[in-house]
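1. could you work out the structure for the sequence below:
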Amino acid sequence: MTQTTKILENPFDSTKVMKRDFFLFPLSFFLLFGAAVLLQLVLGLYYGATNREVPMIKYEEFGGIAQDVSSLSLLFIFYLMHRRYLIPIAKERIRRAFKLWYLIIGGGIVVFTLNAGIGYLMEHVLHLDNTQNQAMIEAMFEHQWLWPFLFISIVVLAPIVEELLYRNVIIHELGKKIGNVLATLLSIILFAGIHMMYAPSIYEALPYVMMGTVFSIVYLMSRKNLAVAILLHAFNNAIGFILMLFS
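-> Modelled structure (predicted):
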C-alpha cells in the first residue's frame with residue numbers, strides 16, 4: 001500500500017466532522033464513575049466481610065488505579081471505533097513527531113518556565129500554596145507502592161487521553177465547524193476546568209490555562225499532529241513526576 005493510499009484512507013483528514021468521537025467525553029466520565037463505584041464495591045465487600053469500615057486512605061491508594069482502568073478502557077474503545085486505520089496513522093504521526101523534537105523540547109521549556117513564574121505569583125501574591133488537583137496527586141505519592149501506577153497514569157495515560165479529547169476532538173474535529181480559534185479557546189477552557197473541579201479558588205486555573213494554551217499552540221504549529229501534543233504533555237508530566245519523587 002502506498003503512502004498516497006494511506007492518506008486517502010485517513011478519515012481524520014476529511015472535512016467531515018468525526019461525530020462519534022464526541023461520545024468520548026460523556027464516556028470518559030461514565031467510565032471514571034463506573035471505576036470508582038466498582039472500587040467502592042470491592043473495598044466495601046472486602047472490609048464488610050470482617051465488619052470493618054473502609055479507611056479513607058484506601059480510597060486514596062486505589063483511586064489512582066481506578067483512574068488508570070477507566071483511561072485504558074476509554075482508549076480501547078477509541079481503538080475499536082477506528083481499528084481499521086488507527087495503527088498505521090498513529091505510526092506515521094509518531095514518525096513525524098520525532099522530526100519535530102524542537103517543538104516538544106521548546107514547549108516543555110516554556111511550560112516549565114511559565115509554571116515557575118505562576119507558582120511564584122500564586123504563592124507570594126495570591127497566597128495560594130498549591131492547587132487542589134496538585135494536592136490530591138501529592139497525597140497519592142505518599143504511598144510508595146502506588147508510584148508505578150502513578151507513573152503510568154501521569155506520564156503515559158493522562159497525556160494520551162487528555163490530548164485525544166481536548167486537542168483532537170475539540171480543536172481538530174469541532175474546529176472543522178467553528179474554526180480553529182474558537183475551538184482552541186474552548187479546548188483551553190475545558191482543559192483547565194477538568195483540572196480544577198474541586199478548586200476553592202478560580203486562580204487555581206492559571207497553571208492549567210497556561211499549559212492548555214502551550215499544548216494547543218504547539219499542536220497547531222505541528223499541523224495538528226496529535227503525537228507531538230502527547231509527547232509534549234508526557235514530557236511536561238515526566239518532569240513533574242520526577243520532581244515529585246525527589247521533593
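
2. now do the contacts for the residue positioned nearest the centre of the chain.
-> By CA atoms, centre = their mean, the chain has its centre lying nearest to E162, at 2.9 Å. Contacts for E162 (CB atoms under 8 Å, 6 or more residues apart in numbering) come out as F191, I194, H233. Just so you know, the C-beta spots here come from the backbone N, C-alpha and C atoms, and that holds for glycine as well.

3. what pLDDT does T4 get?
-> The model reports T4 with a pLDDT of 45.

4. check the one 5 residues further on too.
-> You'll see E9 listed with a pLDDT of 73.

5. skip the chain neighbours and tell me the closest residue to it.
-> Sequence neighbours aside, Y85 is the residue nearest to E9 in space, at 5.7 Å (criterion: CB to CB, 6 or more residues apart in numbering).

6. report how many residues lie close to P200.
-> For P200, the neighbour count with other CB atoms under 10 Å is 10.

7. low-confidence ranges, this protein, go.
-> Within the chain, the segments meeting pLDDT under 70 span 1-8, 54-61.

8. what do you get if the cut-off is 50, keeping everything else the same?
-> 1-8 (pLDDT under 50).

9. now do the buried residues in stretch 88-100.
-> For stretch 88-100, the neighbour count (16 or more other CB atoms under 10 Å) marks I89, E92, R93, A97, L100 as buried.

10. helix, strand or coil for the second one?
-> Per DSSP: H, G, I helix; E, B strand; the rest coil, the secondary structure class of E92 is helix.

11. and it, how far from A229?
-> The span separating E92 from A229 equals 15 Å under the rule CB to CB, to the nearest Å.

12. helices or strands next to the helix or strand harbouring L41 in the packing?
-> Secondary structure assignment for L41, by DSSP states H and E: helix 24-48. Judged by 3 or more CB pairs under 8 Å, 6 or more residues apart in numbering; DSSP states H and E, the packing partners of helix 24-48 are helix 56-81.

13. ok, now which ones touch the spatially closest residue to I170 that is not a sequence neighbour?
-> Closest residue to I170 apart from its sequence neighbours, by CB to CB, 6+ apart: S187 at 4.2 Å. S187 makes contact with Y166, R167, I170, I171, G212, S216 under the criterion CB under 8 Å, 6+ apart.
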